[in-house]
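In: got a sequence here, can you model it:
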Amino acid sequence: MVVLVAGDPPGLPAIVRRDEALAAGLTRDQIRHRVRGGHWRRLATGVYLRTEPAGDGDAFAAMRGEHARRALAAQRARPDCTVGFSSAAVLHGMPLVSGVPALVQLLVPEGAWTGIRAGVRYRECRLAREDVIDVPCPVTTATRTWIDIARTHRLPDALSAGDRALADGLLNRDEVGWVLSQLGSIRGVRLASQALHLLDPRRETALESWSYATFTSWRIPLPEMQVEICDESGLIGRVDFYWPDHGVVGEADGRLKYDEPRALYEEKRREDRLRARGLTVVRWGWSDLAREQTSLKSRIAAALSR
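Out: The predicted structure follows:
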């Protein structure tokens with residue numbers, strides 16, 4: 001029998017305990033169905049990682065689940081430590097352009113040994129009591145996690161993690177700003193403050209966040225995001241990026257979306273309507289930003305100069 005799994009109740013964290021799921025209105029049978037269907041991954045007894053449904057094309061879902069299990073195991077072996085930095089980002093469901101971290105990141109008490117051992121990086125980081133929550137092990141809050149990512153990682157990671165966290169309701173700009181103001185001269189605070197002003201929950205994918213971060217370094221006009229374009233027949237669709245003064249549309253295709261001939265046809269028809277409106281359409285994917293940035297920059301610059 002095929003079991004259909006409805007959407008999860010709103011407000012559940014990326015890593016959820018059984019009691020939290022039950023309190024949110026799920027039954028034990030519904031929890032089991034989510035695990036059997038691959039929607040949730042069991043990390044430990046009564047602890048689950050909420051994942052995208054199987055077959056959604058997310059090649060990193062299994063890697064995130066494995067890293068989360070390693071982080072929980074490492075913290076349980078060192079209960080005086082707190083999961084932080086990129087490992088905390090995984091636990092909070094914040095995507096990183098740089099990918100799933102190879103090493104588990106644990107924060108040790110002041111004066112404890114730091115270094116790398118058995119796949120775990122132990123690092124010292126001064127934390128206030130309000131910087132740590134239990135979900136289900138000690139981990140830095142979403143706010144502190146994002147700040148630590150933004151001050152130590154490159155801008156694409158800061159935007160991809162922060163855009164998603166804002167969209168999911170994990171971050172509040174005012175709270176982030178207040179916590180930043182309390183950190184004094186800690187390394188990277190200025191970078192994090194600059195990144196905070198660039199966050200935008202309208203960017204729906206890590207590729208869109210990476211793209212925008214890249215645009216800020218190219219010194220080109222910054223585009224509007226998620227704009228609906230219409231013609232005389234009605235709505236054409238919502239585009240990822242739009243430069244209205246230049247008549248240019250940018251589409252960041254993060255994965256192959258058009259496996260079915262019908263979907264490919266509909267997208268071709270949509271693009272034809274955009275071009276019939278006199279708009280120039282520029283498309284790119286992960287490989288363009290990872291390996292062909294010079295070519296992509298030239299294509300966008302040429303479109304903007306027409």
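In: what distance do you get for the residue lying closest to Ala14 once chain neighbours are set aside to Gly237?
Out: Distances taken as CB to CB, 6 or more residues apart in numbering put Gly93 closest to Ala14, at 3.2 Å, once the chain neighbours are dropped. Heads up, the C-betas are built off the backbone N, CA and C, glycines and all. In this view, Gly93 and Gly237 are 27 Å apart by CB to CB, to the nearest Å.
In: Arg219 too?
Out: In terms of CB to CB, Arg219 sits 29 Å off from Gly237.
In: could you check which of those two has the larger neighbour count?
Out: Ranked by neighbour count (other CB atoms under 10 Å), Arg219 and Gly237 place Gly237 first, with 16 against 7.
In: tell me the SS of Ser298?
Out: helix (DSSP: H, G, I helix; E, B strand; the rest coil).
In: poorly predicted segments of this structure, please.
Out: Filtered on pLDDT under 70, the chain yields the residue ranges 1-6, 51-59, 254-263.
In: please, where are all the strands along it?
Out: With strands called from DSSP state E, the chain shows them at 15-17, 40-44, 47-50, 82-83, 104-108, 115-117, 120-124, 132-134, 138-140, 224-231, 234-243, 248-252, 280-284.
In: residues in contact with the fourth one: which ones?
Out: By CB atoms under 8 Å, 6 or more residues apart in numbering, the surrounding residues in contact with strand 82-83 are 71-72, 74-75, 91, 104-107, 127, 132, 137-140.
In: for Ala192, state which of the residues you listed is nearest.
Out: Thr140 (13.7 Å; CB to CB).
In: burial count for the closest one?
Out: Counted by other CB under 10 Å, the residues lying close to Thr140 total 26.
In: any idea what it is bridged to?
Out: Going by DSSP bridges, Thr140 is paired in beta bridges with Val132.
In: residues in contact with it?
Out: Taking CB under 8 Å, 6+ apart as the test, what Thr140 contacts is Thr82, Val83, Gly84, Phe85, Ala88, Leu107, Leu127, Asp131, Val132, Ile133, Asp148.
In: taking those residues together, which two end up most distant?
Out: Of all pairs in the contacts of Thr140, the most separated under CB to CB is Phe85 and Ile133 at 15.2 Å.
In: please say which of those two ends up with more neighbours.
Out: Comparing Phe85 with Ile133 by neighbour count (other CB under 10 Å), the higher total belongs to Phe85, at 23 against 17.
In: coming back round to it: of the strands of the chain, which is nearest Ala192?
Out: strand 138-140 (13.7 Å).
In: domain assignment for the protein?
Out: Following automatic domain parsing, the chain resolves into domains at 1-55, 59-201, 207-304.
In: among those, which is the most enclosed?
Out: domain 59-201 (a mean of 19; mean count of other CB atoms under 10 Å).
In: need the strands of the chain in TSV with distance to Leu166, can you?
Out: Shown next, in TSV, are the strands of the chain (distance: least, CB to CB, whole Å):
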stretch	distance to Leu166
strand 15-17	19
strand 40-44	24
strand 47-50	18
strand 82-83	22
strand 104-108	22
strand 115-117	32
strand 120-124	26
strand 132-134	18
strand 138-140	17
strand 224-231	13
strand 234-243	17
strand 248-252	18
strand 280-284	24
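In: which of the ones you listed sits closest to Leu183?
Out: The nearest among these, by CB to CB, is strand 138-140 at 12.8 Å.
In: and Gly162, how close does it get to His33?
Out: From Gly162 across to His33, the span is 33 Å (CB to CB).
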